[in-house]
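Novice: sequence first, predicted coordinates after that:
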Amino acid sequence: MDGTQSSNNSETDIWSEAGTTRVPFQVYQDVEIYAQELEKIFYGPSWNYVGLECEVPNSGDFRRNFIGEREVLMIRKDDGALSVVENRCAHRGAQLCQTLSGNAGSAIMCPYHQWTYTLDGELTGMPFKRGINGKGGLNPDFDMKAHGLVALRVESLNGVVFASFDHDVPTLKEYLGPDMVKYFTRIFNGRGLRVVGYERQVIDCNWKLQMENLKDPYHAGILHLFLISFGLFRLDQESKCLVDDSKGHSVLMTNKGTEEGKEDTGGVKIAAPDFALTDHDLIQPRLEFGDNTTLSIQTLFPSIIIQAQCNTLATRQVIPKGPGSHELVWTFFGFKDDDDEMKNLRLRQANLMGSAGYVTLDDAEALEFSQVGLSGSSAGDAAVLEIGGTDCESNDHLVTESLIRGFYMKYRDIMGHGKAGA
Amino acid sequence: MDQSEISQPVTDDVVLRRIERLQLNYISSIDEGPLDNWPHFFTDKCLYTVVSRDNFDRGMELGVMRFESVGMLIDRATATQHAAVFAPRIIRHLLGPTLVDDTGEGYRSRCNVAIYQTSPDGDTMLLMTAIYNDLIVEQDGVLKFKEKRVIYDTHRIPDSIVYPL
């Protein structure tokens, strides 16, 4: 990866006394820190998004995904329950399933030597287990039970599936906490889900910068000229930024704005004040969650974002790809009982989001500017996060970086990076 | 796109050359600009979508762009030029030969396309390979796209899609 560096003094406290108001640039490019993030965060006691239940409706259906850099399969079993196993044969480590999704039937079979597993990952057999004419094969004392696939702990909440490599992790609801469950179930309210479509994009910046961006309402009222121009997002809108007790999760919500008064932009320079939009569907949402909120962005530690901008709903999964890059996977969804008008709205409003989105295009570009910029930094250089003060608390305004500071409090705790007191 | 579409291969060289010219002028409006010309290659009511092969094969219509009128295309062209933040880049479309059928309601035109992108520092990367699947109609003596579906193979897109494709 471009712009990476390595340090062997990983236990050194790289954080200054200024705490999470100064995020050392090393955390975005140091290969050793990155390796520890994979172990301590992604493969540690965290719940990671793996997909939606509606993606695997039938027995044997699977969908392939990543947790950190490890591939996993979300599988629907015969009894209707879900399993998540690592997509790696216990024999010689070959990747089991190559397609993004499919149906495995009643068993998972490695294409290399046809070692075969149940949908739970238990090893059931292989060709020539006893050899030929008593010669070769496995010893009779080979323990089949000890050579299954790596099976993850799985939980789902209203159709959204999470998994953890750590079987001792607290329950998903405990992990999220009551406040985050409340906002999560505002969107995932039990109605049947349907996938509207997928988008995948590689963005050459550290995965945490992507998470930070969705915890940064300050940028949204400045960078996104499209949103500002049409009153979809303004820093003076009625809004809230909520941080959970663990400080790692957050939600950012704004209520319906208007196109009026777009000339008052708080000093933000708009290049085309006369630009009028032909397609008003883009900015005229149908309220569908029983409130006036037209934008909500929930970020769950470590790496999933749940987005409801107007009527475009999506999970955005951040998949780390080395210190200097990540993949962003968008699963646009709707509800099974969407009427035709709503189906069309979701397709049209998707123009706001994704790799060509009126809004998110700016984000991907700015995030890459960040990675390029910080790659020239020296030890001791750090991002300055003092917008909205120095705390990590919830706010009823948007001009704050408190959610990012909160993220790094949790991050420092898990990584063992000094005392995450500030 | 309709598989049941009854169509005849077009062999008339004049028609084939006009369609080839339309496609070349179209990509020139993106590669060379000005982008303001791009919407006017379409009929007033139209369908422009950029959909991954992955979504398409799953029967999902979700696209990275989806516009249904010249007005929406103008929105995009204007926003790209005046209400978006991105690093400058050069886009280059390379078109393969075009297969044209007459469907009765218009010409169905299909051609492979490779789209390259060059950064301000001068590095060129393959942005995507795709197929154009278009429905072209004649309006007041001018050929226009009634439908342009860009179905792209490269569904793990290596960068943002700034310009139309």
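Specialist: Happy to help now that I have it.
Novice: who's in contact with the closest residue to chain A within chain B?
Specialist: The minimum distance from chain B to chain A, using Cβ to the nearest Cβ, falls at B:L62 (2.4 Å). Yep, even glycine has a C-beta here, placed from its N, CA and C like the rest. Residues counted as contacts of B:L62 (Cβ atoms under 8 Å, 6 or more residues apart in numbering or on different chains) are A:V196, A:G197, A:Y198, A:E199, A:F332, A:L347, A:A350, B:V51, B:N55.
Novice: state the mean pLDDT of stretch A:214-224.
Specialist: The average pLDDT within stretch A:214-224 is 90.
Novice: what of stretch A:53-66?
Specialist: 98.
Novice: now do the same end-to-end measure for that stretch.
Specialist: Here the two ends of stretch A:53-66 are set 16 Å apart, with distance taken as Cα to Cα, to the nearest Å.
Novice: ok, then the element right after the helix or strand hosting A:R186?
Specialist: Assigned by DSSP states H and E, A:R186 falls within helix A:172-187. Going down the chain from helix A:172-187, the next helix or strand is strand A:193-203, by DSSP H and E.
Novice: can you tell me the strand partners of that following strand and which way each runs?
Specialist: strand A:326-335 (antiparallel), strand B:156-157 (parallel) (DSSP bridges).
Novice: for chain A, what are the nearby residues on chain B?
Specialist: Within reach of chain A by Cβ under 8 Å from any Cβ of the partner chain, chain B has these residues: B:50-52, B:54-55, B:58, B:60-69, B:71-72, B:74-76, B:78-79, B:82-87, B:155-162.
Novice: biggest strand in chain B by residues?
Specialist: Ranked by number of residues, the top strand in chain B under DSSP state E is strand B:124-139.
Novice: in its sheet, what does it sit against?
Specialist: Applying DSSP bridges, one finds strand B:124-139 paired with strand B:107-118 (antiparallel), strand B:142-152 (antiparallel).
Novice: thinking again about what came up before, can you put the strands paired with strand A:193-203 in JSON lines and add mean neighbour count?
Specialist: What follows is these, written out as JSON lines (neighbours: other Cβ atoms under 10 Å in any protein chain shown):
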{"stretch": "strand A:326-335", "mean neighbour count": "23"}
{"stretch": "strand B:156-157", "mean neighbour count": "19"}
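Novice: ok so, going back, let's see which of the residues of chain B next to chain A end up in strands.
Specialist: B:V50, B:V51, B:S52, B:M65, B:R66, B:F67, B:E68, B:S69, B:R156, B:I157.
Novice: pick the most deeply packed of the strands paired with strand B:124-139.
Specialist: strand B:142-152 (a mean of 20; mean count of other Cβ atoms under 10 Å in any protein chain shown).
Novice: and the angle for that one with strand B:65-69?
Specialist: Relative orientation of strand B:142-152 versus strand B:65-69 (axes from the mean of the first three to the mean of the last three Cα atoms, to 10 degrees): 160 degrees.
Novice: now the buried members of the ones in strands among the residues of chain B next to chain A.
Specialist: Neighbour-count burial (16 or more other Cβ atoms under 10 Å in any protein chain shown) applied to these gives B:V50, B:V51, B:S52, B:M65, B:R66, B:F67, B:E68, B:S69, B:I157.
Novice: what's the farthest-apart pair in the residues you listed?
Specialist: Using Cβ to Cβ, the two most remote members of those are B:S69 and B:I157, lying 25.4 Å apart.
Novice: next, count neighbours for the closest residue to A:S106 other than its chain neighbours.
Specialist: Leaving out its chain neighbours, the residue that sits closest to A:S106 by Cβ to Cβ, 6 or more residues apart in numbering or on different chains is A:G60, at 6.3 Å. Using other Cβ atoms under 10 Å in any protein chain shown, A:G60 has 17 other residues around it.
Novice: please report phi then psi for A:G60.
Specialist: Backbone geometry at A:G60, expressed as degrees, to the nearest 10, gives phi 90, psi -10.
Novice: run through who's touching the longest helix belonging to chain B.
Specialist: When chain B is parsed with DSSP state H, its longest helix is helix B:13-31. Identification of contacts with helix B:13-31 by Cβ under 8 Å, 6+ apart yields B:10, B:35, B:37-38, B:41, B:90-93, B:95, B:98, B:100, B:107, B:109, B:111, B:113, B:132, B:136, B:143, B:145, B:163-165.
Novice: repeat that for 7 Å
Specialist: The contact list for helix B:13-31, computed with Cβ atoms under 7 Å, 6 or more residues apart in numbering or on different chains, reads B:10, B:35, B:37-38, B:41, B:91-93, B:95, B:98, B:100, B:107, B:109, B:111, B:136, B:143, B:163-164.
Novice: same check, this time on stretch B:79-98
Specialist: Contacts to stretch B:79-98, defined as Cβ under 7 Å, 6+ apart, come from residues A:223, A:225-226, A:229, A:271-272, A:275, A:358, A:361-362, A:365-366, B:19-20, B:23, B:27, B:30-31, B:35, B:109-120, B:160, B:162-163.
Novice: would you put the C-alpha positions of it in PDB?
Specialist: C-alpha atoms of stretch B:79-98 as PDB (Å, rounded to 0.1, in the frame of the first residue of the first chain):
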ATOM      1  CA  ALA B  79     -23.900  19.500 -10.500                       C
ATOM      2  CA  THR B  80     -20.700  17.800 -11.700                       C
ATOM      3  CA  GLN B  81     -19.400  21.100 -13.000                       C
ATOM      4  CA  HIS B  82     -20.600  23.400 -10.100                       C
ATOM      5  CA  ALA B  83     -21.600  21.500  -7.000                       C
ATOM      6  CA  ALA B  84     -19.100  18.700  -6.500                       C
ATOM      7  CA  VAL B  85     -15.600  18.400  -5.100                       C
ATOM      8  CA  PHE B  86     -13.200  16.100  -6.800                       C
ATOM      9  CA  ALA B  87      -9.700  15.800  -8.000                       C
ATOM     10  CA  PRO B  88      -9.400  16.700 -11.700                       C
ATOM     11  CA  ARG B  89      -9.100  13.800 -14.100                       C
ATOM     12  CA  ILE B  90      -9.100  12.800 -17.700                       C
ATOM     13  CA  ILE B  91     -11.600  10.200 -18.900                       C
ATOM     14  CA  ARG B  92     -11.100   8.200 -22.000                       C
ATOM     15  CA  HIS B  93     -13.600   5.800 -23.600                       C
ATOM     16  CA  LEU B  94     -12.500   3.200 -26.000                       C
ATOM     17  CA  LEU B  95     -15.400   1.700 -28.000                       C
ATOM     18  CA  GLY B  96     -15.500  -1.700 -29.700                       C
ATOM     19  CA  PRO B  97     -17.400  -2.400 -32.900                       C
ATOM     20  CA  THR B  98     -21.100  -1.900 -32.700                       C
END
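Novice: so for it, mean pLDDT?
Specialist: Here the average pLDDT along stretch B:79-98 is 95.
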